[in-house]
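Engineer: okay, here's the prediction I keep looking at, along with the sequence it came from:
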Amino acid sequence: MSTGTVPKPIAGASNFIDERLGAGNFLKRNLRKVFPDHWSFLLGEIALYSFIILLLTGTFLTLFFKPGMGHVEYQGSYDALKGVMMSEAYASALSISFDVRGGLLMRQMHHWAALLFIGGMMVHALRVFFTGAYRKPRELNWLIGVLLLTLALAEGLTGYSLPDDLLSGAGLRITEGVAISLPLVGTWITFFLFGGEYPGEDVIARFYSLHILLIPGILLALISAHMILMWVQKHTQMPGKGRTNENVVGSPFYPAFMVKAGAYFMFTFGVIAALGTFAQINPIWLFGPYTPADISAGSQPDFYMGFLEGSLRLMPSWEINLFGTAGGTLALSVLIPALVPMGIIMTGLALYPFIEQWVTGDRREHHVVDRPRNNPHRTSIGMAAISFYGVLWLLGANDELSSYFQVSLNWTTYVGRFLVFAAPLVTYIVTYRICLGLQRSDAAIIGHGVESGVIKRLPHGEYIEVHVPPNEGIEAHMRGKTPIPVIAGADADGDGIPPKGMRGPLGKLKATMSKNYGGEKIPLDDGHGDGHGDGHHEEEHSAVGHGGDEKSLTR
Ligand code: HEM
Ligand code: HEM
C-alpha cells in the first residue's frame, strides 16, 4: 500500500511519537488512510458528535442534580411552585432550570442532543440497511449497532424519568405496568427497580445509576468497538468511477477528512446549542411534581418511545386467567405490545443480514454498496417496516389526533388496528413497483442517453430530440450495479431431484425465496428504455471531472 508523500506536520508528529513509542509508521499509515465520501456517511457522525455533547452536558448536570425522592418544600425562584412539597429530584431539576447559571441551557441542550443522537442513529441504520452495507464483512458492526440502538432507548427512558415531574411520572407508571406484566419475573423486577410498591422511594436513584454510569459506560465501549471495526474494515463506498471491491477511493484522513470531521462536529454542536437556546423542550415547571393520583392528559413520551406507546394504545384488552382466581393473570394487553413490536423490530434488524445470506447464498465480501432501487425486495421490506413503525408511532398520539381532527378516539384506534397490518402490505407493493420503475429509467438512460434539449430536423422532415450519453460519473454510478445472486439450482424447473440444501419444506422455501429475492429483474443493457429517439446518440461525452483530488488505495 502506498502512503504517498507525507506532509510536514505528520512527519514531525510521527517522528516525535516514533522516537518515544516506536509507533511512527502506524501513525503515518493511519493518518494517510483513505476515506470514501458521501453525504449519507454524515448520519453516523451526527450520532457520534451528539453522544460527545451528551457526555459533556450530562456531566454538567450531575454537578447539580440530586437523585433523591425525599420530600422537600420548594423555595426556589419559580414563584408558581413556591411552598409546594416535592421530591429532591424535582426540586433540583427546577433549580438547574432557574437558579444555576447556564443550567437551563445545559438541560435543554442535553435533551435536544438526546433526540438528535437517537434520530441520527436511526437514520444512519436505515442508510446502512438500504444500501446493504451490513453485508460481509460488516455483519458484526451491524449487530453492535442494533445493541447500541436498544441501549440508547433505555438511556433515553431512564434520562427523561429523572426530573420526577408529572410527565416523567406518567412514563414511569407505564414502565412499571410493563415490567409487572412479565410472567414469573415481573414482580421481582418491579420490586428491584422501585424498591417496593410503586412508586416507592428508590426508583429515581436507581435510574440515575443506570443513566449516568452503567448505560453510558457500555455505550462508550460499544461505540469505540464500532469505530475500531469501521476503521479496520474500512468504509464501504458508493458505486462510481474507478470504485471496485478491491480499492477505496476518497480523501486521506489527514488533512481532508480530519478538517471535515472537525467542521461537522462544530456544526452539530452549533445546531444543538441553537436549539437549546431558542426551542423550549420539556418545561418541567409547567407540569408540577408527580403524584400517582394525578393524570396528565395529552402527555407524550420522547419521539423514540412513541411506537411502544402506540402499540399499547392499539392493543385490545386481552388477558388470560391461568387456573382461575387461584392462578396468575397474563395481561396480554400489556405484554404483547411491550414485547412484540420491540421484539419484531430489533430481532428483525439483528437477523436480517443472516437471513439475506441464507436466501441468496451470497458469502462474498461487499465493499461497494447497492443503490436501494437495485435490491427491490430489500428496499420494500425496509419501507414496509418503516410504515409498521410509523403507524404505531402515530397512534402513540391518538388522543392528540382525535382532538385535532375532531374524530372519535375509538375510530383512531380501529383505523390504527387496520393500518398496522395494511400499511406495510401496500407500502411493500408500491415500493417494489417504484424500484423497478427506477431501474427501468436507469436502463433507458444507459441505452438511449439523456435528452439534450436540442431539436434537429431530419432531411425527410421529421423532428427529433438529440440524446447525449450521460455524464461519465453518473453512468459509472449506474453501471456499478451488482446483480443479486440466486442459489445455484434454485430456479430449476422442478423436474428431477432438487439439489442438496433445497429438499424438504425448509429447502423448498429457501429455493422459492432465493428465486424471488435474487436474479436480475431489469438488466441495464437490455435496451427497453422509454423509447425516446432510438439510435440518435451524439458522439461526445459530457464528462465532468469527478473528484480530481480523490485518491485510490487497494484495500
Ligand atoms: C448517552 C445518551 C444519553 C441520553 C440519550 C440522555 C438522555 C437524557 C434525557 C432525555 C434527560 C431528561 C432531560 C430533561 O429533563 O429535559 C436526561 C437527563 C439527565 N441526564 Fe442524560 N442522557 C444521556 C447521557 C447522559 C450522561 C452520559 C450523563 C452524565 C454523565 C447524563 C446525565 C443526566 C442528568 C444528571 C439528567 C437529569 C437532569 C435534568 O433532567 O435536569 N446523561 N438525560
Ligand atoms: C451510537 C450510535 C452509532 C454511532 C455513533 C455510529 C457511528 C458510525 C459511524 C461514524 C460510521 C462511519 C460513517 C457512516 O457509515 O455513517 C458507522 C458505520 C457503520 N454503522 Fe454505525 N453508528 C451507530 C449506530 C449504528 C446502528 C444502530 C447500526 C445498525 C443497526 C450501525 C451500523 C453500522 C455499520 C454496519 C457501519 C459500516 C457501514 C459502512 O462501512 O458503510 N451503526 N457508524
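Structural biologist: Nice, I can see it. Numbers count the residues shown, from 1 in each chain. Ligands and ions are numbered 1, 2, ... in the order given.

Engineer: contact residues of the stretch 201-350 of the chain facing ligand 1?
Structural biologist: Neighbours of ligand 1 within the stretch 201-350 of the chain, by CB under 6 Å from any ligand atom: His211, Ile212, Pro216, Leu219, Asn282. Quick note: C-beta positions are derived from backbone N, CA and C, even for glycine.

Engineer: would CSV of those with neighbour count be doable?
Structural biologist: Below are those laid out as CSV (neighbours: other CB atoms under 10 Å):
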residue, neighbour count
His211, 23
Ile212, 21
Pro216, 19
Leu219, 20
Asn282, 20
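
Engineer: let's have the residues you listed in CSV, adding pLDDT, distance to Gly44 and secondary structure.
Structural biologist: CSV is the format used below for those (pLDDT from 0 to 100; distance: CB to CB, whole Å; DSSP: H, G, I helix; E, B strand; the rest coil):
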residue, pLDDT, distance to Gly44, secondary structure
His211, 98, 23, helix
Ile212, 98, 24, helix
Pro216, 98, 18, helix
Leu219, 98, 14, helix
Asn282, 94, 26, coil
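
Engineer: quick check, central residue of the chain?
Structural biologist: Met122 (1.7 Å; CA atoms, centre = their mean).

Engineer: what strand or helix carries that residue?
Structural biologist: helix 103-131 (DSSP states H and E).

Engineer: so which bits of the helix or strand just after that helix are buried?
Structural biologist: Downstream of helix 103-131, the next assigned helix or strand under DSSP H and E is helix 139-161. Neighbour counts over helix 139-161 (16 or more other CB atoms under 10 Å) mark 141-149, 151-161 as buried.

Engineer: so the residue nearest to the centre of the chain touches Leu149, yeah?
Structural biologist: Yes: under the criterion of CB atoms under 8 Å, Met122 makes contact with Leu149 at 7.3 Å.

Engineer: wait, a helix at Ala293?
Structural biologist: No: counting by DSSP: H, G, I helix; E, B strand; the rest coil, Ala293 is not found in a helix; it is coil.

Engineer: let me see the contact set for it.
Structural biologist: The contact partners of Ala293, by CB atoms under 8 Å, 6 or more residues apart in numbering, come to none.

Engineer: next one: it, what pLDDT does it get?
Structural biologist: On pLDDT, Ala293 comes in at 76.

Engineer: for Tyr160, same thing?
Structural biologist: The model reports Tyr160 with a pLDDT of 95.

Engineer: residues touching it, list them.
Structural biologist: Tyr160 sits next to His111, Leu167, Ser168, Gly171, Asn282, Pro301, Asp302 when contact means CB under 8 Å, 6+ apart.

Engineer: give me the angle between the helix holding Met122 and helix 139-161.
Structural biologist: 150 degrees (axes from the mean of the first three to the mean of the last three CA atoms, to 10 degrees).

Engineer: from the chain's centroid, how far away is helix 103-131?
Structural biologist: Taking CA atoms, centre = their mean, to the nearest Å, one finds helix 103-131 lying 9 Å from the centre of the chain it belongs to.

Engineer: which helices and strands sit right next to that helix?
Structural biologist: Counting contacts by 3 or more CB pairs under 8 Å, 6 or more residues apart in numbering; DSSP states H and E, helix 103-131 packs against helix 42-62, helix 88-98, helix 139-161, helix 258-278, helix 332-360, helix 376-395.

Engineer: deepest of the ones you listed, which one?
Structural biologist: Most buried of the helices and strands packed on helix 103-131 by mean neighbour count (mean count of other CB atoms under 10 Å) is helix 88-98; its value is a mean of 23.

Engineer: quick one: end-to-end length of stretch 222-242, please.
Structural biologist: 34 Å (CA to CA, to the nearest Å).

Engineer: name the nearest of the residues of the stretch 201-350 of the chain next to ligand 1 relative to Gly501.
Structural biologist: Using CB to CB, the shortest approach to Gly501 within these belongs to Leu219, at 40.1 Å.

Engineer: which residues touch the nearest residue to Arg138 once chain neighbours are set aside?
Structural biologist: Leaving aside its sequence neighbours, Arg138 sits nearest to Gln233 (CB to CB, 6 or more residues apart in numbering; 6.1 Å). With contact taken as CB under 8 Å, 6+ apart, Gln233 is in contact with Pro137, Arg138, Asn141.

Engineer: I'd like those as a markdown table, with distance to ligand 2 and pLDDT appended.
Structural biologist: Shown next, in a markdown table, are those (distance: CB to the nearest ligand atom, whole Å; pLDDT from 0 to 100):
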| residue | distance to ligand 2 | pLDDT |
| --- | --- | --- |
| Pro137 | 10 | 96 |
| Arg138 | 5 | 97 |
| Asn141 | 4 | 97 |
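
Engineer: give me the pLDDT for the residue of the chain at minimum distance from ligand 2.
Structural biologist: At 2.0 Å from ligand 2, Gly145 is the closest residue in the chain, using CB to the nearest ligand atom. According to the prediction, Gly145 has pLDDT 98.

Engineer: now for His38: which residues touch it?
Structural biologist: Contacts of His38 (CB under 8 Å, 6+ apart): Gln237, Met238.

Engineer: not counting its neighbours along the chain, what's nearest Gln237?
Structural biologist: Nearest to Gln237 is Pro36, by CB to CB, 6+ apart, at 3.8 Å.

Engineer: what about stretch 397-404, distance to the chain center?
Structural biologist: 27 Å.

Engineer: could you give me the buried positions within it?
Structural biologist: Buried residues in stretch 397-404 (16+ other CB under 10 Å): Ala397, Asn398, Leu401, Ser402.

Engineer: now the terminal residues of stretch 490-505, how far apart.
Structural biologist: Taking CA to CA, stretch 490-505 runs 14 Å from one end to the other.
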